[in-house]
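>>> dropping the sequence and predicted coords here.
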Amino acid sequence: MKITTCFSIIVFFLLSGSCIAAPPGEFKPGSEPDGFRGIKWGAELSKLPEMIPDAEWDSFKAYTRSGDNLEFDSVELTQIRYITWKGKFYEVVLKTEKVPENYYALIDAIHKKFGTAARTRTSGDDRSKGFELCIIGDKTTITIYYTPAQDDGRVAYGAVSLVSTKILNEKNPGRSEIVKKWKILQLNKNKSVQ
């Protein structure tokens, strides 16, 4: 146990520029979703008639949904993309172009509905330099991204089981940092539960 903890601390300090020691945010009791807008994680989106194929790369496929309400708690969105990995509903990405006004309203709506997300990456101490916030539950992870250089504001919901499987089985050596960060986030989440 001590060796594992020591190793985790060493890995954390190596990654300290992009990850924090605090655990990720937690969902408010009873607020953790098991999918998005009635579609459960792991569903086969290709079998749902309202899903429209949008893009495909590697083992991913993105869809939009016919008639989707492009709002989240009255915050205007420009796009909602439903993403599958190996045919299973894996992630949904909400995007707004009215950054920062709509984006900060979206963050506030996420916090009110699900709980406060913790900062897991930052390019500085203030929001104007870019950041990443995260809530990790047992079924769902919600990550909030903002990259001002690209004027890009996104919220991604992901299926914890599929995200874990994908990240931990990552074969691309260039993605090893992501694997390490995910393991640290999971370790910190487990510590916050104890």
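That came in fine, so what should we check first? On a predicted model such as this, the values are computed, not experimentally measured, just so you know.

>>> ends of stretch 71-89, how far apart?
Chord length of stretch 71-89, first to last residue, is 21 Å (C-alpha to C-alpha, to the nearest Å).

>>> the helices in this protein, which residues?
With helices called from DSSP state H, the chain shows them at 2-14, 101-114, 160-168, 176-193.

>>> rank those by pLDDT, which is bottom?
Mean pLDDT is lowest for helix 2-14 among the helices of the chain, at a mean of 31.

>>> quick one: buried residues of stretch 90-108?
90-96, 98-99, 102-107 (16 or more other C-beta atoms under 10 Å). Heads up, the C-betas are built off the backbone N, CA and C, glycines and all.

>>> I should have written stretch 63-82 there, sorry.
Judged by neighbour count (16+ other C-beta under 10 Å), stretch 63-82 contains these buried residues: 63-65, 68, 72, 75, 77, 80-82.

>>> quick one, what contacts Ser46?
53, 61, 84, 87 (C-beta atoms under 8 Å, 6 or more residues apart in numbering).

>>> hey, what's Ile144 bridged with?
Per DSSP bridges, the residues bridged to Ile144 are Leu133, Val155.

>>> let me know whether it touches Arg119 as I believe.
No. Contact criterion C-beta atoms under 8 Å: Ile144 and Arg119 do not qualify, at 9.6 Å.

>>> and these two? which has more neighbours close in?
Ile144 (23 against 16; other C-beta atoms under 10 Å).

>>> where does this structure dip in pLDDT?
1-24, 98-99, 120-131, 148-152, 167-194 (pLDDT under 70).

>>> how about the contacts made by Lys61?
By C-beta under 8 Å, 6+ apart, Lys61 lies in contact with 45-46, 53, 55, 83-84, 87.

>>> try Tyr157
By C-beta under 8 Å, 6+ apart, Tyr157 lies in contact with 33, 36, 91-92, 94, 140-142.

>>> do the same with Leu77
70-71, 94-96, 102, 106 are the contacts of Leu77 under C-beta under 8 Å, 6+ apart.

>>> restricted to strands, list those.
71, 94-96 (DSSP state E).

>>> ok, of the residues you listed, which one's closest to Gly115?
Leu94 (17.0 Å; C-beta to C-beta).

>>> circling back: tabulate the contacts of Leu77 (JSON lines), appending distance to Ile136.
Shown next, in JSON lines, are the contacts of Leu77 (distance: C-beta to C-beta, whole Å):
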{"residue": "Leu70", "distance to Ile136": "26"}
{"residue": "Glu71", "distance to Ile136": "25"}
{"residue": "Leu94", "distance to Ile136": "18"}
{"residue": "Lys95", "distance to Ile136": "21"}
{"residue": "Thr96", "distance to Ile136": "23"}
{"residue": "Asn102", "distance to Ile136": "25"}
{"residue": "Leu106", "distance to Ile136": "19"}
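
>>> among those residues, which one sits closest to Lys40?
Comparing these against Lys40 with C-beta to C-beta places Leu94 closest, at 17.8 Å.

>>> tell me the contacts of the residue nearest to the closest one when sequence neighbours are not counted?
Spatially, and ignoring its direct neighbours in sequence, Leu94 is nearest to Val155 (4.5 Å; C-beta to C-beta, 6 or more residues apart in numbering). Shown in contact with Val155 (C-beta under 8 Å, 6+ apart): 72, 93-94, 106, 110, 142-145.
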